[in-house]
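Participant: Here's a sequence, model it:
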Amino acid sequence: MKPNRIDSQVILDEYVDVRAQSVRLCSPLNPEDYNLQGMEDTSPPKWHLGHTTWFFEEFLLKPYLKDYKEFHPSLQRIFNSYYQTVGIPFTRKHRGMLTRPSLDVVMEYRSVVDQEVARLLSDIHGRDTKILEILETGIHHEKQHQELLLMDIKYSFSLNPLFPAYDTKPRMIYPAADELGWLEVPPGVYKCGSTSDDLFYFDNETPSHRTYINHVELSNRLVTNREYLAFIESGGYQSFDLWLSDGWNLITSENIQAPRYWIKSDHSWSEFTLHGLQELDLNAPVSHLTYYEADAFARWAGARLPSEHEWEIAASLHGGSIPMDHSEAKRSLNNWYYELWQWTQSSYQPYPGFKPNPGALGEYNGKFMVDQYVLRGGCKASPSNHIRKSYRNFFPSHSCWMFSGIRLAKDIS
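Facilitator: Have a look, this model is predicted:
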């Protein structure tokens, strides 16, 4: 990780904006919603608000603000996610049971920490690389949790028979998709990963390294609901030969017959969205797929999933610049970023020569490099100035509550 600016006032302005955005994202919620936790992998909105605050208190204020007085010692255990270096975290699956501290206390906690961060920055005379690096990391950490917040709310709301809408504005209806085409990546040795020229990166994006890419093509857009529905109607969920063994065991044991939020009634399909239960938009990109589903569809389509290096090089060659405006009006199936995270066939592993950050922040990424797959791109819930072509997201193969979709690849012989 490294700071993308050295001016403390500029970073403080971004800090203030990011912190305010987290609160704005919670504004549609009812008081009862703040403690919702639909499953162990998700967290309640109140916990996200507290955890992102704890991150700044634990890693910035306590070590670097000499006269800082901890807000409340018990919050360290409640809002510590997985950092064994700094204490024993509260059991993840029971976060929804934490009715205390109250929401008012959590909001007071945020306010106090924000004031103290501003006080710390006022004393460093614009330049303190270590402090600014941790602050910048915390800002991007909170941006990650803003995305998680929306994913978690959607999952928890989907369990409610009322199918409540988080966003009451009309949803975007996608135009008819362009014909599926293919973008060539010539064979050769390419440079991948983050470099010192990048504005910001996490340690798992390093070191920059070279890798050989065979002759390959990647699809020019994401797979649509219409195309995935054809897979379903052709018997894709009943054809064991399309599935990895673990995937077949998952869909048969849990009777999975469609993507996570699809609901069939009579002869029509609906989809639960952040706008509530909606008629399935056949032109929209298919989303919320497990790795197994993405892999099975690719095999059915006579293609495969790209490797993460193939994706990164193709995005460099064909993806254009990363749009800073990714509002719904700007979204497109052809966009490599800010639509859906795209599964790759790459296991989440360290790059050659990878070294985690020293200290507690070394727990941020490295210890999760097992039994997970890499996703690339970004999604509609990803904040601005957070996504880059080297960004490595990662989830277990059975996960589907995140905004995950499919971009296809095929080999050229």
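Participant: the strands in this structure, which residues?
Facilitator: Residue ranges of the strands in the chain, as given by DSSP state E, are 182-185, 188-192, 209-213, 216-219, 262-265, 268-273, 276-279, 341-347, 373-376, 393-395, 404-405, 409-411.
Participant: pLDDT averaged over the second one, what's the number?
Facilitator: It stands for strand 188-192. For strand 188-192, mean pLDDT rounds to 98.
Participant: So what's the gap between stretch 289-297 and the chain middle?
Facilitator: Centroid separation for stretch 289-297 versus its chain: 18 Å, with Cα atoms, centre = their mean, to the nearest Å.
Participant: Return the distance of Glu133 relative to Glu217.
Facilitator: Using Cβ to Cβ, to the nearest Å, Glu133 is found at 39 Å from Glu217. All C-beta spots, glycine's among them, are computed from the backbone N, C-alpha and C.
Participant: same thing with Tyr373?
Facilitator: 21 Å.
Participant: Neighbour count: the two, which is higher?
Facilitator: More crowded of Tyr373 and Glu217, by other Cβ atoms under 10 Å: Tyr373, with 23 against 19.
Participant: Am I right that Thr168 is in contact with His275?
Facilitator: Yes: Thr168 lies in contact with His275 (Cβ atoms under 8 Å); the separation is 7.4 Å.
Participant: what number of residues lie near Thr42?
Facilitator: 23.
Participant: actually Leu289, not the one I typed
Facilitator: Applying other Cβ under 10 Å, I find that Leu289 has 23 neighbouring residues.
Participant: possible to save the strands of the chain as JSON lines with distance to Leu103?
Facilitator: Shown next, in JSON lines, are those (distance: least, Cβ to Cβ, whole Å):
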{"stretch": "strand 182-185", "distance to Leu103": "48"}
{"stretch": "strand 188-192", "distance to Leu103": "43"}
{"stretch": "strand 209-213", "distance to Leu103": "46"}
{"stretch": "strand 216-219", "distance to Leu103": "44"}
{"stretch": "strand 262-265", "distance to Leu103": "32"}
{"stretch": "strand 268-273", "distance to Leu103": "26"}
{"stretch": "strand 276-279", "distance to Leu103": "24"}
{"stretch": "strand 341-347", "distance to Leu103": "30"}
{"stretch": "strand 373-376", "distance to Leu103": "32"}
{"stretch": "strand 393-395", "distance to Leu103": "29"}
{"stretch": "strand 404-405", "distance to Leu103": "30"}
{"stretch": "strand 409-411", "distance to Leu103": "46"}
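Participant: now for the ones you listed, which one comes closest to Leu242?
Facilitator: Shortest distance between Leu242 and the strands of the chain, using Cβ to Cβ, is found for strand 341-347: 15.0 Å.
Participant: okay, how far is it across stretch 219-238, tip to tip?
Facilitator: Using Cα to Cα, to the nearest Å, one end of stretch 219-238 lies 26 Å from the other.
Participant: same thing with stretch 357-368?
Facilitator: The first residue of stretch 357-368 is 14 Å away from its last residue (Cα to Cα).
Participant: Pro89 is nearest to which of the strands of the chain?
Facilitator: Shortest distance between Pro89 and those, using Cβ to Cβ, is found for strand 393-395: 19.7 Å.
Participant: measure Cys192 to Tyr348 for me?
Facilitator: According to Cβ to Cβ, Cys192 and Tyr348 sit 15 Å apart.
Participant: What of Asn255?
Facilitator: Asn255 is 28 Å from Tyr348, by Cβ to Cβ.
Participant: When these two are compared, which one has more neighbours?
Facilitator: Each of Asn255 and Tyr348 has its neighbours counted (other Cβ under 10 Å); Tyr348 has more, 21 against 7.
Participant: what pLDDT does that one get?
Facilitator: So Tyr348 comes in at 97 (pLDDT).
Participant: Against the centre of this protein, work out the most remote residue.
Facilitator: Asp67 (35.8 Å; Cα atoms, centre = their mean).
Participant: Would you report the backbone torsion angles of that one?
Facilitator: Dihedral angles of Asp67 (phi, psi; degrees, to the nearest 10) stand at phi -100, psi 20.
Participant: could you measure it against Asp123, distance?
Facilitator: Asp67 is 11 Å from Asp123, by Cβ to Cβ.
Participant: and the residue farthest from the centre of the chain, what does it touch?
Facilitator: Counting by Cβ atoms under 8 Å, 6 or more residues apart in numbering, Asp67 makes contact with nothing.
Participant: where's the nearest residue to Asn80 once chain neighbours are set aside relative to Pro356, distance?
Facilitator: Residue nearest to Asn80 in three dimensions, not counting chain neighbours: Pro89, with 4.3 Å by Cβ to Cβ, 6 or more residues apart in numbering. Distance of Pro89 to Pro356, computed by Cβ to Cβ: 19 Å.
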